[in-house]
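**Student:** Build the 3D model from these lines:
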Amino acid sequence: MRRLLPVSAIIGLAIGLSGQSSPPSPNKLEESPSAPCTVVGRILNAVDGSPLKSARAALVEQAESLHMYGSMSDSDGHFIFKDVAPGRYEFFAFHTGFLTQHYQSDGADGGALLALKAGQKIADVLFRLTLAAVVTGRVNDQQGEPMIGVRVTALDWPSDEEMEDRGPYGTHERELVAVSSAQTDDRGQYRIFGLKAGQYYIRATDSLEPPPGGDVDQESSVRLALGTDYAPLYYPGTPQLDQAQTVSLRAGEQAQADFSMRRLKTVAVAGRLIGPNGGPKNGLVSLEQPGADGYTHDTTTDEKGNFSMKGIPPGSYTIIADGRGEGGKTYQARQKLEVGSDNIDSLTIALGAGTSFRGRVSVAGPGTVAFDRLVVLFFLIDGGEAVALARVKKDATFEITSVQDGNYAVIVRGLERGWYAKSARIGQNDVLEKGLQVEKDASGGMLEIALGSESAQLEGSVSDHDRAVAGARVRVAPEPETPYNRHRSQIVKTDQAGHFAVIGLAPGKYQVAARGPSSAEGTVPKSDARTVTLSRDDHQSIQLTILRPETE
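**Tutor:** Residues are numbered from 1 along each chain as shown. Have a look, this model is predicted:
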């Protein structure tokens, strides 16, 4: 994958990473079904093969129990995990100044899972960490004075893996994504670190963000109120992406990218929120620009519902408004807004109460469910985001209010291992299959959700002729796949033996395909798609073969 995952920050806080002073002598373990496992390995510098002291390795289980284990390398680079529960784990190593490396990855792919059987001992793991690259620079205004608080972002085109990892309702258009960013200090200097080798677009934006810690001082308040009059720029100093130059980085390299920000004509956007009972005071109005580093601006209304924003650059925006009326009832609105070279001073936004849905969750079949762990989400198909949700109560009921017009997928989160949503009906309509269309002045209704525990399991292997493929990505998707059932898709990786397992599948027809790790030439070998039909409590196996071009 092209993007550096922030696993070190997450895992360092989530688990206690304890150091080991010397390489282990694995204990004699009784191989019962739950006998613990031992994993031993070493972490080296990929350039010269020298051992990396105080590097960290982590195991994160791919299951609801989410066992986590951490270990720190000694002066010879050795690490050890003892008393590890059998299971399938994400396995990776990281160190300050180096890129995170996943198990059996050459750095160009996401690596393989580590499958551990009861009592298993693995003693030959080797991680070779590559130095990360850095982009530094200085941002000045037109007079050559340093600018503080400018957000400088490194952007890259997403890989195929990252496109898949966006999930069922992320945008599926290939557009630049933010890899990492930094803000300029009082000298106008910034430093973006932790980058992989590659080519990046560098963008500077007068971010208007408050200082670290969340405290907004008087100067920051003025900046936020007045907006910006500086155009976002791509390196070496153009507002247009097609005129930008990329910054090329090799492993461990430091590159320089300086900016001289340009003033541009900005405009004011003003208007009024109109609710059922007049203009709600203290309403929130947000102006958001799509994209990896889009401009955003927030403001609140006065007691009559009026609002005003200054320093808005020309562009395409979505304006989102929220307000509260009598009894604390929420009103919302969302609409597109084109900002040109002229002020907008009479924008009227009509807030609506939206539609309310009451609901109840039931269990259809054996087993019991802790209902208060469940969350019901409405995902806006066109917007690609969860815009309404409710936590289910202990009595299995819920209510979702202020649902605006739109076309939604309905999803249940928080289900325990093996459980799935069998149906979600309003009257005779199953919204899991056909979606939920909410129209203006709709009356809502009762949403009846039935859960089942008789889910299916699919396992198998991926091979390249007679060789197992570790780290292949297997995608299991409903057949046919629609915007409403896309959340049932799952992507899993094969382990060190080329095996994979997918659990918790709702009964039905699925299409299964595998994609191998990228070759040195950048090609991605794939398998033919296979179709399987799974019944309740089904457990099937499938073998997938990676197909390579005849020239290889």
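
**Student:** Check which helix or strand Gly365 maps to.
**Tutor:** Assessed by DSSP states H and E, Gly365 sits outside every helix and strand.

**Student:** What is the burial count for Pro314?
**Tutor:** 15 (other CB atoms under 10 Å). No exception for glycine: its C-beta is placed from N, CA and C like everyone else's.

**Student:** Revised request: answer the last question for Arg250.
**Tutor:** Neighbour count for Arg250, taken as other CB under 10 Å: 10.

**Student:** got the contact list for it?
**Tutor:** Counting by CB atoms under 8 Å, 6 or more residues apart in numbering, Arg250 touches Ala133, Ala197.

**Student:** And for the one 5 residues further on?
**Tutor:** Counting by CB under 8 Å, 6+ apart, Ala255 makes contact with Ala133, Val134, Val135, Thr136, Val247, Ser248, Leu249.

**Student:** Out of these, who's the most crowded?
**Tutor:** Ala133 (25 neighbours).

**Student:** before we move on, the earlier item: pick the one among the contacts of Ala255 closest to Thr301.
**Tutor:** Closest approach to Thr301 among those (CB to CB): Val135, at 40.4 Å.

**Student:** What helices and strands are in contact with the strand or helix carrying that closest one?
**Tutor:** Element membership for Val135, per DSSP H and E: strand 133-140. The contact analysis (3 or more CB pairs under 8 Å, 6 or more residues apart in numbering; DSSP states H and E) places strand 133-140 against strand 150-156, strand 189-195, strand 198-206, strand 247-249, strand 254-256, strand 259-260.

**Student:** what lines up beside the third one in the sheet?
**Tutor:** Based on DSSP bridges, the strands next to strand 198-206 in the sheet, each with its direction, are strand 150-156 (antiparallel), strand 233-234 (antiparallel), strand 247-249 (antiparallel).

**Student:** Of the ones you listed, give the one that comes closest to Leu116.
**Tutor:** Nearest of the strands paired with strand 198-206 (CB to CB): strand 150-156, 34.2 Å.

**Student:** got a list of contacts for the closest one?
**Tutor:** 2-3, 135, 137, 139, 176-184, 188, 190, 192, 195, 198-207, 209, 247, 257, 259, 261, 292-293.

**Student:** Please, where are all the strands along the stretch 51-200 of the chain?
**Tutor:** Using DSSP state E, counting those that start in this stretch, the strands of the stretch 51-200 of the chain run over 56-61, 68-72, 78-84, 87-94, 101-102, 114-116, 121-129, 133-140, 150-156, 177-183, 189-195, 198-206.

**Student:** Can you add distance to Ser50 and give those back as CSV?
**Tutor:** What follows is the strands of the stretch 51-200 of the chain, written out as CSV (distance: least, CB to CB, whole Å):
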stretch, distance to Ser50
strand 56-61, 17
strand 68-72, 17
strand 78-84, 13
strand 87-94, 15
strand 101-102, 16
strand 114-116, 25
strand 121-129, 11
strand 133-140, 20
strand 150-156, 28
strand 177-183, 26
strand 189-195, 21
strand 198-206, 25
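
**Student:** a markdown table for those, including mean pLDDT?
**Tutor:** Listed next are those as a markdown table, based on pLDDT from 0 to 100:
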| stretch | mean pLDDT |
| --- | --- |
| strand 56-61 | 95 |
| strand 68-72 | 95 |
| strand 78-84 | 96 |
| strand 87-94 | 95 |
| strand 101-102 | 95 |
| strand 114-116 | 96 |
| strand 121-129 | 95 |
| strand 133-140 | 97 |
| strand 150-156 | 93 |
| strand 177-183 | 91 |
| strand 189-195 | 96 |
| strand 198-206 | 93 |
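
**Student:** Asp382 is nearest to which of those?
**Tutor:** Closest to Asp382 of the strands of the stretch 51-200 of the chain is strand 177-183 (CB to CB; 20.3 Å).

**Student:** closest one to Asp372 among the strands paired with strand 198-206?
**Tutor:** Per CB to CB, nearest to Asp372 of those: strand 150-156, 39.8 Å.

**Student:** Out of the helices and strands packed on strand 133-140, which is the most enclosed?
**Tutor:** strand 150-156 (a mean of 24; mean count of other CB atoms under 10 Å).

**Student:** Out of the strands of the stretch 51-200 of the chain, the one nearest Gly359 is which?
**Tutor:** strand 56-61 (32.4 Å).

**Student:** next one: phi and psi at the nearest residue to Leu273 once chain neighbours are set aside?
**Tutor:** Distances taken as CB to CB, 6 or more residues apart in numbering place Gly305 nearest to Leu273, at 4.3 Å, with adjacent residues excluded. Reported as degrees, to the nearest 10, the phi and psi values for Gly305 are phi 90, psi 10.

**Student:** For burial, what's the neighbour tally of Gly305?
**Tutor:** Gly305, neighbours per other CB under 10 Å, totals 23.

**Student:** Same question for the one 10 residues further on.
**Tutor:** Burial measure for Gly315: 16 neighbouring residues, criterion other CB under 10 Å.

**Student:** What separation is there between it and Gly352?
**Tutor:** Taking CB to CB, to the nearest Å as the measure, Gly315 falls 26 Å from Gly352.

**Student:** again with Glu416
**Tutor:** Glu416 is 37 Å from Gly352, by CB to CB.

**Student:** how close does the residue nearest to Gly87 when sequence neighbours are not counted get to Ser356?
**Tutor:** Leaving aside its chain neighbours, Gly87 sits nearest to Glu61 (4.8 Å; criterion: CB to CB, 6+ apart). Per CB to CB, Glu61 is found 40 Å from Ser356.

**Student:** higher neighbour count, those two?
**Tutor:** Just comparing Glu61 and Ser356: by other CB under 10 Å the higher neighbour count belongs to Glu61, 20 against 16.

**Student:** Report the contact partners of the more buried one.
**Tutor:** Counting by CB under 8 Å, 6+ apart, Glu61 touches His67, Met68, Ala85, Gly87, Arg88, Tyr89, Glu90.

**Student:** Check Val247 too.
**Tutor:** Neighbours of Val247 in contact, by CB under 8 Å, 6+ apart: Val135, Ala154, Gln199, Tyr200, Tyr201, Ile202, Tyr235, Ala255, Ala257.

**Student:** Kindly reformat these as JSON lines containing distance to Ser541.
**Tutor:** Output for those, formatted as JSON lines (distance: CB to CB, whole Å):
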{"residue": "Val135", "distance to Ser541": "48"}
{"residue": "Ala154", "distance to Ser541": "43"}
{"residue": "Gln199", "distance to Ser541": "42"}
{"residue": "Tyr200", "distance to Ser541": "43"}
{"residue": "Tyr201", "distance to Ser541": "45"}
{"residue": "Ile202", "distance to Ser541": "48"}
{"residue": "Tyr235", "distance to Ser541": "51"}
{"residue": "Ala255", "distance to Ser541": "49"}
{"residue": "Ala257", "distance to Ser541": "52"}
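
**Student:** Can you check my assumption that Asp242 lies in a helix?
**Tutor:** Yes - under DSSP: H, G, I helix; E, B strand; the rest coil, Asp242 falls within a helix.
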